[in-house]
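Asker: Sequence plus predicted model, see below.
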Amino acid sequence: MSVARGPTQRLDKWLWQARFFKTRSLAAREVSAGNCRVNGTRVTKPAAAVGEGDVLTFAQARRVRVIRVTGLPARRGPAAEAQAHYVDLAPPEPPSAKEGGAPVAEPGGRPTKRARRTLEQMRGRALE
C-alpha cells in the first residue's frame, strides 16, 4: 500500500505531529472514518505506515488537503518545524470577500443616526 522507502511512522501520529489535527485521537478518528487516502488508496487504520514520498489526501476544515510527506518528525514541535516535513500540493484557495478589500455591510441592519437623517431628508421629511 505504501511506496515509502526507509523509516515509516503511523499515519495518525504523523498527522498529529505535523499539526493537521489538534489531538492524536482526532487524527485517528478521521483516518478510521475513511476520510484519508495514502497514495490514492483509502486507509481506515490509523496504524497505516507513511514515509517520505507518500502523498496524503484528507479533508480538513471544509477543504481537501493534498500533502506530500518529505520527512518524519521526531516530536510535535512548533508550526514552522512541522511545515518542514511536508509540501502542500493543493492549489491555494481564492481569497474570500471577508478576508480582504472593503468592509461589506450586512443587509437589513439597523441604520445609523446619520444614515437615518439622510434617508428622512431624501423622503422630504425633516426631523423636528
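Answerer: Structure received. These numbers come from a predicted model, not from an experiment.
Asker: and residue 32, how many neighbours?
Answerer: Using other C-beta atoms under 10 Å, residue 32 has 14 neighbouring residues. Backbone N, C-alpha and C define where each C-beta goes, glycine included.
Asker: That one touches residue 46, doesn't it?
Answerer: Yes: contact criterion C-beta atoms under 8 Å: residue 32 and residue 46 qualify, at 6.1 Å.
Asker: Now the common contact residues for the two.
Answerer: By C-beta atoms under 8 Å, 6 or more residues apart in numbering, residue 32 and residue 46 have no common neighbours.
Asker: With just CA atoms, put the helix ranked longest in the chain into CSV.
Answerer: Assignment by DSSP state H gives helix 113-123 as the longest helix of the chain. Provided in CSV are the C-alpha atoms of helix 113-123 (Å, rounded to 0.1, in the frame of the first residue of the first chain):
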residue,chain,number,x,y,z
LYS,A,113,-28.4,58.0,13.2
ARG,A,114,-26.6,59.8,10.4
ALA,A,115,-28.0,57.4,7.7
ARG,A,116,-31.5,57.7,9.1
ARG,A,117,-31.4,61.5,8.9
THR,A,118,-30.1,61.4,5.3
LEU,A,119,-32.9,59.0,4.5
GLU,A,120,-35.5,61.2,6.1
GLN,A,121,-34.2,64.2,4.1
MET,A,122,-34.4,62.3,0.8
ARG,A,123,-38.0,61.4,1.6
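Asker: got the buried residues for it?
Answerer: Under the neighbour-count criterion of 16 or more other C-beta atoms under 10 Å, helix 113-123 has nothing buried.
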